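*Asks:* sequence-free structure coming up:
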């Protein structure tokens with residue numbers, strides 16, 4: 001009978017055709033005697049897709065070794081850490097483009113820009129299946145759509161409007177839209193990049209930072225002088241979409257009068273002015289007593305956290321202002337972002353204070369940029385993370401020690417790898433010396449300072465390892 005073996009596998013759950021996620025991950029089996037005896041499995045930029053949804057090692061370590069090598073305790077339990085980093089999500093697909101749609105756009109754009117409505121009406125709704133032209137954005141706006149994919153807990157797809165968007169004043173210039181199809185309780189802040197076409201015939205949007213509104217609509221980007229016909233090859237349009245982040249945001253209307261909260265009194269639920277994606281109530285207040293605006297965020301429903309648990313929340317805060325003239329909205333990120341805190345059931349929230357670089361004088365002198373008709377500031381809270389954790393004894397200051405512990409383990413692992421490579425080089429040089437000596441010839445492939453440099457590098461590595469160990 002073959003011995004039992006423990007395997008570790010990481011599986012992606014929401015893969016779709018054309019969807020890929022590149023990721024660094026490390027499994028670490030923690031040893032109860034010494035960190036140097038930890039067992040680690042690490043892979044860099046592994047591609048997860050619908051065809052390859054699982055990566056790892058099906059046979060990693062013998063079950064019997066868990067006890068003999070002091071990984072498990074007397075009950076058989078062991079600790080396994082998973083570290084994820086450098087995630088990049090890419091959606092790639094080829095979209096079929098009917099020739100008549102391209103001909104329609106070419107004719108409309110160059111000859112009948114002034115009578116576009118009559119030309120668009122001929123197309124009307126062309127279908128609703130993803131990957132085919134459709135009129136879902138309006139009965140007189142032909143569009144080309146990709147299939148759907150999932151990212152950040154939302155469903156998305158890409159739409160190309162050959163004649164542009166009348167709402168955005170494109171005047172017949174093609175526009176590309178990233179459309180959100182789920183999660184309409186909140187707007188969503190998205191960072192993404194779109195590449196259309198391939199080779200020399202391609203358009204790259206660069207990284208876009210935009211807001212998908214409550215209807216899922218987004219500003220997108222205009223193709224400018226390029227048209228779909230310039231990007232299509234053999235009847236298909238190559239689409240590559242890089243998704244960087246997609247986070248729900250809450251909009252709070254905040255009174256711009258001087259803050260009355262000078263103590264540590266918690267905000268009560270009745271004053272809540274925004275809700276996160278978990279439908280938890282929060283209160284945003286403005287402190288205008290200093291030279292610069294400060295924002296305060298309170299958790300208004302601590303009593304909803306289960307007893308014996310704590311909730312970790314991370315966010316970005318933005319002050320929204322309008323540009324004079326154009327009226328375009330601009331988001332000003334609070335300083336030292338992102339912000340985070342831990343909350344417990346029976347705790348008292350004294351607020352997280354967030355500084356901004358916006359002066360109070362500027363707000364008062366340019367009220368039209370910062371205040372709405374009711375005299376309120378507009379603040380966006382972008383929810384980055386929210387986790388309910390067991391055990392209410394953890395504090396944000398514990399993050400420092402734990403983070404430094406992870407950093408030291410990574411440094412030690414890097415030093416161990418460097419030392420191993422040096423040992424291999426020394427062994428290789430020794431073999432070369434022995435071979436040359438056996439033939440009675442000097443080893444010409446060794447540098448003059450080989451012995452001195454090797455001794456110096458080894459001694460430096462040794463001292464670093466000892467200091468890290470201490």
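*Replies:* The structure has been received and is ready for your questions. Here the structure is a predicted model, which means the values were calculated and not measured. Numbers count the residues shown, from 1 in each chain.
*Asks:* Give me the longest helix you can find in the chain.
*Replies:* Across the chain, the longest stretch assigned as helix under DSSP state H is helix 398-438.
*Asks:* Who are the contact partners of the nearest residue to residue 288 once chain neighbours are set aside?
*Replies:* Ranked by Cβ to Cβ, 6 or more residues apart in numbering and with sequence neighbours excluded, the top spatial neighbour of residue 288 is residue 360, at 4.8 Å. Where you see a C-beta, it was placed from the backbone N, CA and C, and this is true even at glycine. Neighbouring residues of residue 360 by Cβ atoms under 8 Å, 6 or more residues apart in numbering: 288, 290, 291, 292, 293.
*Asks:* Three-state assignment for the last one, please.
*Replies:* On the three-state scheme (DSSP: H, G, I helix; E, B strand; the rest coil), residue 293 is labelled strand.
*Asks:* isn't it right up against residue 358?
*Replies:* Yes: if you go by Cβ atoms under 8 Å, residue 293 and residue 358 touch, sitting 4.8 Å apart.
*Asks:* These two: which has the busier surroundings?
*Replies:* Neighbours per residue, other Cβ atoms under 10 Å: of residue 293 and residue 358, the larger number sits with residue 293, 24 against 19.
*Asks:* ok, now which ones touch that one?
*Replies:* 286, 287, 319, 356, 358, 359, 360, 363.
*Asks:* In strands, which of the residues you listed appear?
*Replies:* Among the contacts of residue 293, the members found in strands (DSSP state E) are 286, 287, 319, 356, 358, 359.
*Asks:* Going along the chain, name the helices of the stretch 51-200 of the chain.
*Replies:* Remark: helices assigned in the stretch 51-200 of the chain by DSSP state H, counting those that start in this stretch are 63-68, 99-111, 116-123.
*Asks:* The ones you listed: lowest mean pLDDT?
*Replies:* Lowest mean pLDDT within the helices of the stretch 51-200 of the chain: helix 116-123, at a mean of 30.
*Asks:* What separation do you get for residue 87 and residue 46?
*Replies:* In this view, residue 87 and residue 46 are 11 Å apart by Cβ to Cβ, to the nearest Å.
*Asks:* quick revisit: could I get the contacts of residue 293 in JSON lines, plus columns for distance to residue 423 and pLDDT?
*Replies:* Below are these laid out as JSON lines (distance: Cβ to Cβ, whole Å; pLDDT from 0 to 100):
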{"residue": "286", "distance to residue 423": "61", "pLDDT": "95"}
{"residue": "287", "distance to residue 423": "59", "pLDDT": "94"}
{"residue": "319", "distance to residue 423": "56", "pLDDT": "98"}
{"residue": "356", "distance to residue 423": "53", "pLDDT": "98"}
{"residue": "358", "distance to residue 423": "57", "pLDDT": "97"}
{"residue": "359", "distance to residue 423": "60", "pLDDT": "96"}
{"residue": "360", "distance to residue 423": "62", "pLDDT": "95"}
{"residue": "363", "distance to residue 423": "63", "pLDDT": "95"}
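*Asks:* So which of these is the closest to residue 238?
*Replies:* If you rank the contacts of residue 293 by distance to residue 238 using Cβ to Cβ, residue 319 comes first, at 39.4 Å.
*Asks:* what's the neighbour count on that closest one?
*Replies:* Using other Cβ under 10 Å, residue 319 is surrounded by 23 other residues.
*Asks:* So it is in contact with residue 331, correct?
*Replies:* Yes: using Cβ under 8 Å, residue 319 makes contact with residue 331 at a distance of 7.4 Å.
*Asks:* hmm, back to that, now, which of the contacts of residue 360 sits nearest residue 431?
*Replies:* Out of those, the member with the shortest distance to residue 431 (by Cβ to Cβ) is residue 292, at 66.6 Å.
*Asks:* How many neighbouring residues does the closest one have?
*Replies:* The burial count assigned to residue 292 is 16, neighbours taken as other Cβ under 10 Å.
*Asks:* And it, how far from residue 252?
*Replies:* Counting by Cβ to Cβ - residue 292 and residue 252 are separated by 19 Å.
*Asks:* swap in residue 284?
*Replies:* Taken as Cβ to Cβ, the span from residue 284 to residue 252 is 4 Å.
*Asks:* anything in contact with each of the two?
*Replies:* 273, 274, 379, 381.
*Asks:* what does the model give residue 413 for pLDDT?
*Replies:* 85.
*Asks:* again but with residue 441, I slipped
*Replies:* 59.
*Asks:* what do you get for residue 182?
*Replies:* pLDDT at residue 182 comes out at 95.
*Asks:* Next: residue 223.
*Replies:* Turning to residue 223, the model gives it a pLDDT of 84.
*Asks:* do the same with the one 10 residues further on
*Replies:* Listed pLDDT for residue 233 reads 84.
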